[in-house]
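Chemist: structure of the sequence below:
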Amino acid sequence: MKHRYYLLVASLLLSLLLLPRASLGMSYEARGGNLRFAIDEASGNYTLDDGALHFGGRLPSGATQVTKAANGLHFRLVDGIEATVAPAPGQSSALVFSWKVIGTAPVAPPAFPDFSIVPSGMHSLSHQQLNFAPPVFDEPQQASTPWVLFTTAGNTLLVSPASDFFLASMLGDVRTRVAVGLNAEVAKVPPGFVMTTLVASAPDIVTAYRTWGGALRGLYHRSPASAEADPILRYIGVLTDNAGGHYYYNYEYAEGLNYEESLVRFFERSREAGLPFGYLQLDSWWYYKSSWNPHEKVGRIKNPALPDEDWNRYGGLREWKAHPGVFPKGMAAFHERVKVPFLAHNRFIDKDSPYRQRYEISGVAAVDRRYWDELANYAAANGIAVYLQDWLDATYKFSPELRAVPGMGERFMDGMAFAMAAHGITLQYCMAYPLHMLQGVKYSNLTTIRAAGDGLERAKWKQLAFNARLIHELGAWPATDVMPSGDTAAMLFAVLSGGPVGVGDAFEKLDRANIFRVARTDGELVKPDEPLMPLGVSYLSQAEKTGAPIIAATFTRHGSHNTAYVLAFAEDPAKGATDFSLAPGDLGFSGTVAVFDPAAETVATLGSGESITGKLAGADAYAYRIVAPVSASGIAVFGDMGKFVSMGRKRVAGYEALPDGARLSLSVAPGEMEITLVGYARSDVVARATGAHITSTEWDRATGLFKVTLQPMVGPTHQVALTVAVKSRGR
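Modeler: Now for the predicted structure:
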């Protein structure tokens, strides 16, 4: 008996040795750059590691069977659901986590990934599910938002939903849990349902954002919107909306004019004065509405001083067409008179709208492509170049199916985007939650997203700057709101944002000088190549509540030659430190730089080991600097001192370093009479130009600041070639 027992044991051991290795509980891994996911087959334990940060979790069902394929790892997540972990598109430190319902019956959705092992002491940045998606530090929002998790050393992991943005939700508290799941309203999901999450890592916050954004855009084959994608990105315009628009439910009725005549006169007078506005925003005052508003209490009439008609309401949309009380002969006739394209507003659908008789409406949202086709056809026939969907927060809040039924949110957003795209019409989102912003990565014609509330007030700068990075990585431009053209700080911030610049003044209050500091005489904006966004150091100072100024920057990039525009500002102008400091290396410079203060017209040169310093000034508590590299010849060019973004492409189309100086290709609009270029030189300079007459060249021996003033030749838009060179000793 004992002999047979030993033979049986030996046989079993031999059988185990001969089994395929997978049955012994192997560990498998998938890599995306430096980001490594590993899973133990026997226990279902998994880890995520980038060399600096370590996360861990366990599959809900424990042990699993893993299959390794060319595109990643495949395994059973729970009964009826398979999961995949694979590298994200591109050669980046990012991984895509996804799961799919493979059974024949609806199932409760799991959370995956679901990390219960989280590095200690991590800060977080997420966005609240409120209108305009306010950013918040160290209060992780359980909503459809990215979570930016970072240490004091800067090591960052960025986790977000990558699909089903209307249903998705981040879960956890960052201290003990980091997970991605679905809204509580989603009890079950159907067979075939797929949910995707994106995780990216980097040694610093800014690189992590870029990695995440590039991977997410790659998943949706999304190219970033061009800086000139539509009229509102290309030209300075007129905004008629809340918190600053003179024509917001208002016109010159005291002078006997109606709405249309007031606006026609405004454009006639502006053109006569040489003020080149390139578009007009039509806010909610032009179409049929009710007084029913589930979002807030409103009166029957929006402006009691104006006629009691269906356009003068503040409730739901009845019909999206011009009311004859506003445009008596229709919008197309008005368009012919003002001769500018329109940015046209819309809102949530009224409970008694006639659209409900013709189309499928869920709550207050249209989920019927035919509705969107009707609107797009109207827009195309009436001069509307950009469709503005406002009240996105209310649309989500009062349309329960959008957050509970798979695919319903996509029907709302897809219908809007695809119908407008069929007519070449671009989109702007307003009052968006972070989920709307994320969803927007799908749509190539989404060019702008409002980044903060109504009116470009100083208190909104922080939100605008931090939201700009999120919006930028999703492929769109951040949109500021209406401002008075006489508010120099607001005009500066708006043009640095890279998005639209729109003023709301009555004609008599237009500030000509400020208008031409952001635009040329043909109305084209002179702006940077990317939005104004905070540097990495400001994420940490905000999380740790140091009170340090927020330091944000944007750039013009002419090949390898970069010009930086730096805005340092207090979160609260009445509080906090007034001194700011940053290293040129924080802006990507490695050699000597010259720093120009446009307000004081002073210049300083700094080596790579020195810091750019200064004080915040004025009631708005900010400081603005332009930073340029000093070339081997000893020259740094700051650009057109008459423009806030002095080296912007609509002024400086090209830059070439020469052995003894620099050659600039200047883009000049009709009617521009004089341009002054400024820079730094170690010695006196000489300037030569074609396409313009140089009227003066100055160099300050004490500071090194030089100025070259030229008069462009009269004619259409053309290029001026300007060469600035260091004088040789013989000259």
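Chemist: tell me which residues in stretch 579-592 are buried?
Modeler: Within stretch 579-592, the residues scored as buried using 16 or more other CB atoms under 10 Å are Phe580, Leu582, Pro584, Asp586, Leu587, Phe589, Thr592. Any C-beta I mention is one placed from the backbone N, CA and C, and that applies to glycine too.
Chemist: burial check on Gly218, number of neighbours?
Modeler: Residues near Gly218, counting by other CB atoms under 10 Å, number 16.
Chemist: contacts only, for the residue nearest the centre of the chain.
Modeler: Against the mean C-alpha coordinate of the chain, by CA atoms, centre = their mean, the closest residue is Ile471 at 2.1 Å. With contact taken as CB atoms under 8 Å, 6 or more residues apart in numbering, Ile471 is in contact with Met437, Ile449, Ala451, Trp477, Pro478, Pro531.
Chemist: secondary structure element for it?
Modeler: Using DSSP states H and E, Ile471 sits within helix 461-473.
Chemist: now the element after that helix, going C-ward?
Modeler: Scanning forward in sequence from helix 461-473 by DSSP H and E, the next helix or strand is strand 477-479.
Chemist: elements contacting that following strand?
Modeler: Under the contact criterion of 3 or more CB pairs under 8 Å, 6 or more residues apart in numbering; DSSP states H and E, strand 477-479 touches strand 446-450, helix 461-473.
Chemist: who's in contact with the shortest one?
Modeler: Going back to what we said before, that points to strand 446-450. 132, 225, 229-230, 232-233, 386, 417, 426-432, 437, 440, 471, 474-479, 481, 499-500.
Chemist: among these, name the ones in strands.
Modeler: Among these, the members found in strands (DSSP state E) are Val386, Thr426, Leu427, Gln428, Tyr429, Trp477, Pro478, Ala479.
Chemist: if I look at the second one, what pLDDT would I see?
Modeler: Per-residue confidence (pLDDT) for Thr426: 99.
Chemist: my guess is it contacts Asn445. True?
Modeler: Yes - counting by CB atoms under 8 Å, Thr426 does reach Asn445; the two are 4.8 Å apart.
Chemist: quick check: neighbours shared by those two?
Modeler: Residues touching both Thr426 and Asn445 (CB under 8 Å, 6+ apart): Met420.
Chemist: who has more neighbours out of the two?
Modeler: Taking other CB under 10 Å, Thr426 and Asn445 do not tie; Thr426 has more neighbours (25 against 21).
Chemist: how about the contacts made by the more buried one?
Modeler: Contacts of Thr426 by CB under 8 Å, 6+ apart are Ala229, Asp230, Ala385, Val386, Tyr387, Met420, Asn445, Leu446, Thr447, Thr448.
Chemist: what sits opposite the last one in the beta ladder?
Modeler: Legend: beta-bridge partners of Thr448 under DSSP bridges are Gln428, Trp477.
Chemist: Leu435 and Val136, how far apart?
Modeler: Using CB to CB, to the nearest Å, we find Leu435 at a distance of 16 Å from Val136.
Chemist: direction included, what does the helix or strand harbouring Thr556 pair up with?
Modeler: Element membership for Thr556 (DSSP H and E) is strand 550-558. Strand pairing for strand 550-558, determined by DSSP bridges: strand 533-534 (antiparallel), strand 561-569 (antiparallel).
Chemist: could you pull up the mean pLDDT of the last one?
Modeler: In other words, strand 561-569. 98.
Chemist: export that strand as CSV, just CAs?
Modeler: Taking C-alpha atoms only, strand 561-569 is exported to CSV below (Å, rounded to 0.1, in the frame of the first residue of the first chain):
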residue,chain,number,x,y,z
HIS,A,561,13.4,79.6,-31.8
ASN,A,562,10.9,80.1,-28.9
THR,A,563,9.5,83.3,-27.4
ALA,A,564,7.8,83.0,-24.1
TYR,A,565,5.1,85.2,-22.7
VAL,A,566,4.9,85.0,-18.9
LEU,A,567,2.0,86.2,-16.8
ALA,A,568,2.4,86.0,-13.0
PHE,A,569,-0.7,86.9,-11.0
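Chemist: what's the following helix or strand after it?
Modeler: Next in sequence after strand 561-569, counting helices and strands by DSSP H and E, comes strand 579-582.
Chemist: could I get that next one in PDB with only the CA atoms?
Modeler: Only the C-alpha atoms of strand 579-582 are listed here, as PDB (Å, rounded to 0.1, in the frame of the first residue of the first chain):
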ATOM      1  CA  ASP A 579       7.100  88.700  -5.400                       C
ATOM      2  CA  PHE A 580       7.400  86.100  -8.200                       C
ATOM      3  CA  SER A 581      10.400  84.100  -9.400                       C
ATOM      4  CA  LEU A 582      11.000  81.400 -12.000                       C
END
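Chemist: what does that strand contact?
Modeler: Against strand 579-582 from outside (CB under 8 Å, 6+ apart): 535, 537, 548-549, 551, 566, 568, 611-616, 623.
Chemist: at 10 Å instead, please
Modeler: Contact with strand 579-582 is made by 535, 537-538, 548-551, 553, 564, 566-570, 611-616, 622-623, 625, 627, as judged by CB atoms under 10 Å, 6 or more residues apart in numbering.
Chemist: tell me if I'm right that Ala513 and Thr488 touch.
Modeler: Yes - with contact defined as CB atoms under 10 Å, Ala513 reaches Thr488; the gap is 8.9 Å.
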